[in-house]
Each structure stands twice: as structure tokens, then as C-alpha cells.
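Colleague: Okay, sequence plus prediction incoming.
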Amino acid sequence: MAKVSQRQKRRARAPRQERSRQTVDAILTAATRLFVQKGYAGATTNRVADAAGVSVGSVYQYFPSKDAIAIELLRRYRERLLARIAAHVGEMNAVTFRGVVRALVGALLHDDEIDNSLRSVLIERVMVTEARGEIEGFEERIEGIVADALRGAKNRVAIKDYGLCAFILVRAVLAVIHGAVVDSPKYNTPALIDEVTHLIVAYIERRRRT
């Protein structure tokens, strides 16, 4: 019998039929609830199966491990977030710049579609383990969106290296947001949104062409 690699244990199987998609959605919904209620350790695959109304065999049919469930939840959350970021950036212009930046920071800190405690569980479980490799590219994709927006504003801002500027902005902001969501929730407040917005606006506007 072929040995299953750690990567295979973390990789979800894509559903091909509507009934399969419904089963996967039920599993992910149940896991979402249990990760919040029981924590990652307490949300066993047996409990996920019971809460989803399926057999544990059905869970393993699509998710070879609990890590695979966590990875898929984080992947879906990030895809939604990327779409939201792209939409906000697409609305940005010189007049709306500060307002759009504030909306973006708020969307990164608070998302109606995911409980912050769940996001903390997923980040702590996935992003600090070797499973991180399964969802690489998120930061780089945001950087690409931001760099394109900066290029679009080249008549208003003097930036020599759009990629570097985007890298600094994205990595700095995500580090602060990670800290506010996972390490120090007490700082996850409207005041933080104001401060991060000011940080970004000041960083860009000091490059404004005269």
C-alpha cells in the first residue's frame, strides 16, 4: 500500500457533483462552528461528522485530515478577501483615497463572513505550521493589486519601485492586523483602523507630485 505523504494528508479533494459540493459545504459549516466552540484540538473529525450529519468516512473522503479542513476554510476566506480588496481598489481615486483605504483596513480587521475567533484559530493552526505552504501566494496577490493601483496613480505619486512600495505597505499592514486579531485583540478597535489608515495615507501622500 502506498504511503500517504503529509502534503496529501493536508490536501482537500475537490467535489465534482452538486451533492458532493453540498456535503463539503456541510462539513465546512460544521467545522466552522466547532472550531469556534471547541477550539482546534476539541473539534475532532468525529465531532465534525456528527455536526454535519455525515459519516466520518464522508469527511475523510473529501478531507484526509483536520488540517485539510482548516486549510480549505482559510483558503475560501482569503479568496473572498482578495475579491473584496480588488473591488475596493478598483473604486479608488484621488478624491476617495482615504475613505477607500479606511474601508479596506476595516475589511481586513472585521469580516461579517468569518468570526474573528475562527480566523484566529485558522491563522494559528495553518500559518505557523508547515501547512502554510498549502496556501502560499496570498500576500503576493495583494501586493500585485496594490502595485497596479500605484502604477495607475503614477501621475499623482512619485514612486520609483511600485513592487517594493506595495510590499512594504502590504506586509506592514498585515503584520499589524495579524497582531490585532491573534495576539492582542484589545487593539482591534476603530482607533486602530484610524491609525493604520493614517499610516498608509501618510506613506503615499508624502510621495505626492507637486
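Modeller: Perfect, I can see it now.
Colleague: Report pLDDT for the residue nearest the centre of the chain.
Modeller: Nearest residue to the geometric centre of the chain (C-alpha atoms, centre = their mean): Arg78, 3.4 Å. On the pLDDT scale, Arg78 is placed at 86.
Colleague: mind checking the SS state of it?
Modeller: Using DSSP: H, G, I helix; E, B strand; the rest coil, the secondary structure recorded for Arg78 is helix.
Colleague: Skipping its backbone neighbours, what lies nearest it in space?
Modeller: Of all residues not flanking Arg78 in the chain, Phe138 sits nearest, at 5.0 Å (C-beta to C-beta, 6 or more residues apart in numbering). C-beta coordinates here come from the backbone N, C-alpha and C atoms, glycine included.
Colleague: quick one, helices of this protein?
Modeller: 6-10, 18-42, 45-52, 56-62, 66-90, 97-109, 116-126, 138-152, 162-178, 190-205 (DSSP state H).
Colleague: thought Val181 was touching Ile123?
Modeller: Yes. The criterion here is C-beta atoms under 8 Å, and Val181 meets it with Ile123 at 6.9 Å.
Colleague: out of those two, which sits in the busier spot?
Modeller: Legend: neighbour count by other C-beta atoms under 10 Å for Val181 and Ile123, higher for Val181 (20 against 17).
Colleague: Just want to check the distance between the more buried one and Ile159.
Modeller: 29 Å (C-beta to C-beta, to the nearest Å).
Colleague: Quickly, which of the helices of the chain bottoms out on average pLDDT?
Modeller: Among the helices of the chain, helix 6-10 carries the lowest mean pLDDT, a mean of 51.
Colleague: Determine how far the last residue of stretch 121-139 lies from the first.
Modeller: End-to-end distance of stretch 121-139 (C-alpha to C-alpha, to the nearest Å): 19 Å.
Colleague: Enumerate every residue touching Arg84.
Modeller: Neighbouring residues of Arg84 by C-beta atoms under 8 Å, 6 or more residues apart in numbering: Ala107.
Colleague: With Arg98 instead?
Modeller: By C-beta under 8 Å, 6+ apart, the contact list for Arg98 reads 197, 201.
Colleague: Offset the numbering so it begins at 227, please.
Modeller: Sure, I'll start counting at 227 from here, so that last one is Arg324.
Colleague: Can you give me the domain boundaries for the chain?
Modeller: 238-290, 300-436 (automatic domain parsing).
Colleague: Give me the distance from the shortest one to the chain's centre.
Modeller: Looking back up the chat, that one is domain 238-290. 20 Å (C-alpha atoms, centre = their mean, to the nearest Å).
Colleague: again with the last one
Modeller: Averaging C-alpha positions (C-alpha atoms, centre = their mean) puts domain 300-436 10 Å from its chain's average.
Colleague: Kindly report the same for stretch 293-308.
Modeller: 7 Å.
Colleague: Only the buried residues of it, if you could.
Modeller: Neighbour-count burial for stretch 293-308 flags 293-301, 303-304, 307 (criterion: 16 or more other C-beta atoms under 10 Å).
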